[in-house]
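Q: this is a predicted model, with the sequence first.
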Amino acid sequence: AMGALLALGLPTSATAAIMLAAFQQYGLQPGPLLFERNADLVWAPLASLFVGLVMLLVLNLPFAPLWAKLLLIPKHYLYAGITVFCGLG
């Protein structure tokens, strides 16, 4: 959603639409010219996105065997747990 918003100015989700409104409120028009006119503003969120992805990779790699062990749970317990968490969400 962030790529389409910054590169084309198209909000593809409700959150992106709110960000588009915030950009326009500060006098910024998302689209191809945003990269030329306000490069520092564009590269800061993109850099933070890359830092977040690296952090997620570092945090999730040690837990990969644990996530694989979840598949050993019998399916009826797994489905019941998924249903409960979906209901709580």
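A: Received the coordinates, thanks.
Q: please make it C-alpha for all contacts and neighbour counts, starting now.
A: Will do.
Q: average pLDDT for the host helix or strand of Leu57?
A: Element membership of Leu57, judged by DSSP states H and E, is helix 39-60. Mean pLDDT, computed over helix 39-60, is 89.
Q: next secondary structure after it?
A: helix 64-69.
Q: would you put the C-alpha positions of that following helix in PDB?
A: Taking Å, rounded to 0.1, in the frame of the first residue of the first chain, the C-alpha atoms of helix 64-69 are listed here in PDB:
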ATOM      1  CA  ALA A  64      11.100 -20.800  12.600                       C
ATOM      2  CA  PRO A  65      11.500 -24.300  14.200                       C
ATOM      3  CA  LEU A  66       8.800 -23.400  16.800                       C
ATOM      4  CA  TRP A  67       6.400 -22.300  14.100                       C
ATOM      5  CA  ALA A  68       7.000 -25.600  12.300                       C
ATOM      6  CA  LYS A  69       6.300 -27.600  15.500                       C
END
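Q: and that helix, what does it pack onto?
A: Judged by 3 or more CA pairs under 8 Å, 6 or more residues apart in numbering; DSSP states H and E, helix 64-69 has no packing partners among the helices and strands.
Q: return the distance of it from the chain's centre.
A: 23 Å (CA atoms, centre = their mean, to the nearest Å).
Q: tell me which residues are up against the helix holding Leu57.
A: With contacts defined as CA atoms under 8 Å, 6 or more residues apart in numbering, helix 39-60 is touched by 6, 34-35.
Q: do that again at 7 Å, thanks
A: With CA atoms under 7 Å, 6 or more residues apart in numbering as the test, helix 39-60 has contacts from Phe35.
Q: what about that helix, distance to the chain center?
A: Distance, centroid of helix 39-60 to centroid of chain: 10 Å (CA atoms, centre = their mean).
Q: which SSE is immediately downstream of the helix or strand that contains Leu20?
A: Using DSSP H and E, Leu20 maps to helix 14-25. Later in the chain than helix 14-25, the nearest helix or strand by DSSP H and E is helix 34-37.
Q: flag every buried residue along the helix holding Leu20.
A: Along helix 14-25, these residues count as buried under the neighbour rule (16 or more other CA atoms under 10 Å): 16-17, 19-21.
Q: again, but for stretch 64-77
A: Buried-residue list, stretch 64-77, by 16+ other CA under 10 Å: empty.
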